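J.: Just the structure for this:
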Amino acid sequence: MSKTRERNFISLMKHFTKSINEVSYGKPKMEDIIKSKYEDECINIFKKLGGISSSFPINVGGYDFIIDNKIVELDEEAHFNCYRKATLTSTIYENNEYVNSKTYSEYCLKFESICLKGRSFGGYWSNSSTEKQFGKASPHHVGNKEHIMISSKI
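T.: All right, here's what the predicted structure looks like:
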């Protein structure tokens with residue numbers, strides 16, 4: 001997320017929330033996921049996205065900030081695509097009070113063209129790491145979208 005948008009959002013949220021925390025949380029490790037109730041669902045999502053390796057990778061990026069002791073990651077334009085839409089069918093989002101998966105899925109359909117604009121070049125969607133996890137990208141360098149469309153019925 002752009003730093004300007006992040007600063008503006010944080011400034012706005014300070015008026016509507018108890019606190020914007022400066023606390024930093026550690027990133028989950030594979031052993032944390034294995035011990036949790038989410039391991040099977042992480043595997044399901046990885047396979048739904050076309051994952052070909054025997055286990056799913058864990059590469060948790062940073063988060064934007066913390067509000068009322070909840071980690072917040074704001075999604076910019078690149079997040080509204082068929083891959084994110086496929087993840088929203090996960091049981092993790094059932095009864096989730098923070099993410100409306102139906103509305104988010106609609107955004108993914110509506111704004112995917114904006115997501116792809118300026119990102120359909122080599123290296124953005126496909127690199128050696130993603131090829132090990134998902135195989136070679138389609139000719140347009142946007143991954144194996146056909147697999148996702150068929151396997152998740154989205």
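J.: In space, not sequence, find me the middle residue of the chain.
T.: With distances taken as C-alpha atoms, centre = their mean, the residue of the chain nearest its centroid is residue 84 (5.6 Å).
J.: Would you mind pointing out the helix or strand that residue falls in?
T.: In this assignment (DSSP states H and E), residue 84 forms part of helix 82-87.
J.: Let me know the next secondary structure element after that helix.
T.: If you walk from helix 82-87 toward the C-terminus, the next helix or strand you reach (DSSP H and E) is helix 101-116.
J.: List the buried residues of that next one.
T.: Within helix 101-116, the residues scored as buried using 16 or more other C-beta atoms under 10 Å are 101, 104-105, 107-108, 112, 115-116. Backbone N, C-alpha and C define where each C-beta goes, glycine included.
J.: ok, now which ones touch residue 11?
T.: In this structure, residue 11 makes contact with no residue, judged by C-beta atoms under 8 Å, 6 or more residues apart in numbering.
J.: Now do it against residue 17, distance only.
T.: The spacing between residue 11 and residue 17, counted by C-beta to C-beta, to the nearest Å, is 12 Å.
J.: now residue 37
T.: Between residue 37 and residue 17 the distance, using C-beta to C-beta, works out to 28 Å.
J.: Neighbour count for these two, which is higher?
T.: residue 17 (13 against 8; other C-beta atoms under 10 Å).
J.: which residue sits closest to the more buried one, ignoring its sequence neighbours?
T.: With C-beta to C-beta, 6 or more residues apart in numbering as the measure, residue 67 is the residue that lies nearest to residue 17, at 5.2 Å, once sequence neighbours are left out.
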